[in-house]
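1. For reference, the sequence and a predicted model appear below.
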Amino acid sequence: MTARAYSRATSCVAGTPLPFVVTGAATVVVTDAITGLVMCRDTVDGPTWTLPVPGSWPSSLYRATFAAPGARPDIDGAGDDEAWFVVRPAVARAPILVSVPFSTWQAYNRAGVPGEGLYYAEEPTRAAAVTFDRPGGGPPPQRWEEPLLHWLRAARYPVEFCSNLDLHLDPGILDGHRMLIVCAHDEYWTWEQRDAVEGFVRRGGNLAVFGANTAWWQMRLEDGGRTMVCHRDATTDPMSTVDPGRVTVEWSSAPVDRPENAMTGVSFRRGAGAWGDGMAVIGREAFTARFADHWVFDGTGLSDGDKFGQGTLGYETDAADIVEVDGVPRATGRDGTPPSFAVLATADLRHWRRYGQGGAATMGVFDLGAGTVFTAATVNWGKGLHDPVVDRITRNVLDRFCAPAPATGWTVIGPPADLHALTACDGALYAVAVDGGLLTREACAQNLPWRRIGDTPGALCLASPREAAGTMRQGLWAITGAGRLTYRDPAADATLWTDMTAAPPGARCLALCDAGLFAAADDDTLWYLPALELGTGDWRPAGPAGGTVALATLGGRLYGITAAGRVVSRPPVPRPHPFTDVCDAAAGRALAAHAGRLVAAGPGTLLRHRVPPLS
């Protein structure tokens with residue numbers, strides 16, 4: 001015989017009691033669901049029972065299993081005789097916070113029962129609101145979240161846990177953590193949850209989504225967080241005439257129009273799903289590496305085109321809208337994916353249409369404010385952690401995201417190329433190859449190849465102004481080996497370089513800033529020419545050049561790379577001023593700046609970018 005029970009909250013703080021509602025008398029066993037340790041045994045004489053949670057209990061996911069008197073609680077079973085909850089720490093100490101998707105578990109509770117389950121799909125008898133104050137609502141039989149939770153403990157990562165409802169009810173719980181993990185199947189989110197998580201990342205936190213179908217439905221919480229509302233139809237939701245942004249439909253649908261891609265980079269809209277008997281297919285699929293030079297793949301030994309992670313894909317996946325550019329994937333952003341999104345791996349799952357929904361999977365990473373987001377784009381990621389590549393990728397993400405300092409530094413954005421000059425203009429990077437060719441590619445975080453669009457007249461360096469000023473046009477400027485300053489329109493079909501004026505003697509690099517031109521010469525002199533005097537060639541000394549061999553402009557400052565391999569900076573004033581040390585140059589010998597980031601390259605080196613550190 002079994003007893004039916006539920007907890008009065010999905011989480012509690014260690015050292016505080018947690019009340020339960022129990023049908024009749026019962027015996028109860030409370031276990032740590034991750035370690036399997038039995039934490040408490042007791043007898044219950046309903047209708048209520050209070051668990052005194054000691055302050056010594058670790059933050060974890062717990063399970064209370066109830067049985068009628070004389071019966072043995074089945075701690076390996078599932079059903080109405082169990083109640084799941086999280087114990088949170090009184091004070092956040094671990095860098096990693098793991099969110100447990102209680103709302104999705106509750107959404108599937110009593111699926112198909114008229115008026116009691118949010119499922120199935122479009123059944124007219126499905127409920128529009130369900131309560132947490134009822135038995136059930138534990139993880140589904142597939143236990144999608146369980147493998148990653150076990151792995152985190154076994155790998156000895158310092159983690160603490162919260163209910164995903166806590167992100168709505170107490171968003172301050174994110175403070176004190178360096179990263180949040182959303183795992184497996186976290187399908188239902190409130191507006192407040194999204195605001196909390198996106199705000200956390202923008203302030204410098206990091207988000208790792210080891211899951212998919214994430215934030216597919218908007219829900220609302222009522223009754224102090226004990227009732228979950230999801231009409232899944234704007235025409236039946238009374239909020240449509242009150243606050244259309246809070247209507248409980250897909251996040252990407254009208255009238256909400258807030259695609260989940262903005263938070264995760266991907267969406268189930270372009271993903272794939274295999275259900276029922278079709279779920280057997282999920283063990284057959286694998287990812288294809290598309291950006292193996294990225295830090296996410298460090299230590300994996302993968303090359304672009306290699307397969308990995310067989311068995312991780314399913315039963316639902318997320319994807320971004322992408323196009324192939326010379327054999328490299330690039331997110332278009334048409335579905336709301338942020339422009340900084342870099343595609344790391346893909347899987348073509350169009351053949352899954354015969355099992356449910358055909359689509360794709362897009363593993364990727366992007367910057368959101370001061371933080372970073374990684375998405376594995378599959379519900380089943382945890383079940384592939386036995387694969388050394390999947391294990392290594394997971395560790396790379398965790399190690400970078402929970403490091404004491406923010407995840408800064410140089411990030412690879414392109415393959416090696418033999419370059420000796422670099423600039424950014426009109427949303428594109430331009431470079432001079434060692435053979436004199438003029439190359440270009442989009443200025444983005446994706447590993448796009450360079451395209452040759454012409455030649456340069458012996459250019460030693462390239463520069464472009466942030467904006468046009470006076471006679472200083474928005475385009476490509478170069479100093480040649482013959483000692484001339486030349487100009488070219490940035491259009492790919494432009495072929496002519498126009499001679500503008502003489503360059504300073506021995507000039508080797510150039511930057512355009514504050515309506516003026518700055519050039520560093522071989523004798524370490526920094527020269528200056530006002531844009532309004534461009535035709536005169538009357539350069540004047542502006543002090544030492546700080547040993548720079550490359551110059552660029554970012555945010556109204558001059559940046560340079562020195563012969564010693566350091567990035568240095570100074571204000572763009574036409575008088576002597578010291579350069580200050582900024583950071584290493586990542587083996588770069590050419591420097592550009594675009595959209596708040598420095599970009600560095602050199603002969604045979606990977607193309608990299610970074611936000612300069614705070615001074």
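-> Cool, got the structure. Numbering: from 1, shown residues only.

2. Touching, residue 283 and residue 315? I think so.
-> No - with contacts counted by C-beta atoms under 8 Å, residue 283 stays clear of residue 315, the gap being 10.6 Å. The way it works is simple: take the backbone N, C-alpha and C, and place the C-beta from them, glycine included.

3. Those two: who's more crowded?
-> residue 315 (24 against 14; other C-beta atoms under 10 Å).

4. so where's the stretch 401-550 of the chain uncertain?
-> Scanning the stretch 401-550 of the chain for pLDDT under 70 picks out 405-408, 470.

5. so where do the strands sit in it?
-> With DSSP state E, counting those that start in this stretch, the ranges of strands along the stretch 401-550 of the chain come out as 411-425, 428-433, 437-442, 451-455, 459-463, 476-480, 484-488, 498-502, 507-513, 516-521, 525-530, 540-544, 548-554.

6. Which helix or which strand is home to the most centrally placed residue in the chain?
-> Nearest to the geometric centre of the chain sits residue 373, at 1.5 Å (C-alpha atoms, centre = their mean). Assigned by DSSP states H and E, residue 373 belongs to strand 371-375.

7. Over that strand, what's the mean pLDDT, rounded is fine.
-> If you average the pLDDT over strand 371-375, you get 97.

8. so what does that strand touch, helix or strand wise?
-> helix 191-202, strand 206-211, helix 261-264, strand 359-368, helix 388-401 (3 or more C-beta pairs under 8 Å, 6 or more residues apart in numbering; DSSP states H and E).

9. try 10 Å
-> Counting contacts by 3 or more C-beta pairs under 10 Å, 6 or more residues apart in numbering; DSSP states H and E, strand 371-375 is packed against strand 179-184, helix 191-202, strand 206-211, helix 261-264, strand 359-368, helix 388-401.

10. Could you check the angle that strand makes with strand 206-211?
-> On the basis of axes from the mean of the first three to the mean of the last three C-alpha atoms, to 10 degrees, strand 371-375 is oriented at 10 degrees to strand 206-211.

11. Residue ranges in the stretch 1-150 of the chain under the pLDDT threshold?
-> In the stretch 1-150 of the chain, residues with pLDDT under 70: 1-2, 70, 72-78.

12. thinking again about what came up before, is it possible to get TSV of the strands of the stretch 401-550 of the chain that adds mean neighbour count?
-> Below are the strands of the stretch 401-550 of the chain laid out as TSV (neighbours: other C-beta atoms under 10 Å):
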stretch	mean neighbour count
strand 411-425	22
strand 428-433	23
strand 437-442	20
strand 451-455	15
strand 459-463	26
strand 476-480	24
strand 484-488	20
strand 498-502	15
strand 507-513	25
strand 516-521	25
strand 525-530	22
strand 540-544	17
strand 548-554	26
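
13. Is it possible to get a markdown table of those strands that adds distance to residue 107?
-> Shown next, in a markdown table, are the strands of the stretch 401-550 of the chain (distance: least, C-beta to C-beta, whole Å):
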| stretch | distance to residue 107 |
| --- | --- |
| strand 411-425 | 37 |
| strand 428-433 | 45 |
| strand 437-442 | 40 |
| strand 451-455 | 48 |
| strand 459-463 | 55 |
| strand 476-480 | 55 |
| strand 484-488 | 58 |
| strand 498-502 | 64 |
| strand 507-513 | 55 |
| strand 516-521 | 60 |
| strand 525-530 | 64 |
| strand 540-544 | 65 |
| strand 548-554 | 47 |
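
14. thinking again about what came up before, mutual contacts of residue 283 and residue 315, please.
-> residue 380 (C-beta atoms under 10 Å, 6 or more residues apart in numbering).

15. picking up where we left off before, I'd like to know which of the helices and strands packed on strand 371-375 lies nearest to residue 497.
-> Closest approach to residue 497 among those is made by strand 359-368 (35.3 Å; C-beta to C-beta).

16. Now do the closest one: distance to the chain's middle.
-> Here the centre of strand 359-368 is set off from its chain's centre by 8 Å, with C-alpha atoms, centre = their mean, to the nearest Å.

17. Just checking: what are the partner strands of it?
-> strand 342-349 (antiparallel), strand 371-375 (antiparallel) (DSSP bridges).

18. Pull out the buried residues from the last one.
-> The one in question is strand 371-375. Residues 371, 372, 373, 374, 375 are the ones in strand 371-375 that count as buried (16 or more other C-beta atoms under 10 Å).

19. Report the separation between the last one and residue 450.
-> Taking C-beta to C-beta, to the nearest Å as the criterion, residue 375 is separated from residue 450 by 28 Å.

20. The first one too?
-> Between residue 371 and residue 450 the distance is 30 Å, computed by C-beta to C-beta.

21. What degree of burial does residue 334 show, as a neighbour count?
-> By the criterion of other C-beta under 10 Å, residue 334 has 11 neighbours.

22. quick revisit: wait, which of the helices and strands packed on strand 371-375 is closest to residue 272?
-> That would be strand 359-368 among the helices and strands packed on strand 371-375, by C-beta to C-beta, at 3.7 Å.

23. For the stretch 51-200 of the chain, which segments count as strands?
-> Using DSSP E, counting those that start in this stretch, strands in the stretch 51-200 of the chain cover 60-67, 82-88, 96-100, 129-131, 159-163, 179-184, 188-189.

24. For residue 309, find the nearest of the ones you listed.
-> strand 179-184 (15.2 Å).

25. what's the distance between that closest one and the middle of its chain?
-> On C-alpha atoms, centre = their mean, the centre of strand 179-184 falls 11 Å from that of its chain.

26. Indicate each strand paired with that strand and its parallel or antiparallel sense.
-> Strand pairing (DSSP bridges) places strand 179-184 next to strand 96-100 (parallel), strand 206-211 (parallel).

27. so residue 493 touches residue 440, yeah?
-> No - here residue 493 does not reach residue 440: they are 11.7 Å apart, not a contact under C-beta atoms under 10 Å.

28. where do the contact lists of the two overlap?
-> Both residue 493 and residue 440 are contacted by 453, 454, under the criterion C-beta under 10 Å, 6+ apart.

29. hang on, isn't residue 467 packed against residue 531?
-> No - at 11.2 Å, residue 467 and residue 531 do not qualify as touching, with contact defined as C-beta under 10 Å.

30. and the two? which has more neighbours close in?
-> Between residue 467 and residue 531, counted using other C-beta under 10 Å, residue 531 has the larger neighbour count: 17 against 9.

31. Now list whatever residues contact both of residue 467 and residue 531.
-> 512, 515.

32. Residue 88 pairs with what?
-> On the basis of DSSP bridges, residue 88 is bridged to residue 13.

33. who touches it in this structure?
-> When contacts are counted by C-beta under 10 Å, 6+ apart, residue 88 touches 11-14, 16, 59-60, 97, 160-163, 166, 170, 173.

34. Just the buried residues from the residues you listed, in ChimeraX please.
-> Here is the ChimeraX command that selects only those of those that count as buried (16+ other C-beta under 10 Å):
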select :11,12,13,14,59,60,97,160,161,162,163,166,170,173
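
35. what are the phi and psi values for residue 279?
-> phi -60, psi -20 (degrees, to the nearest 10).

36. distance of it from residue 318?
-> From residue 279 across to residue 318, the span is 17 Å (C-beta to C-beta).
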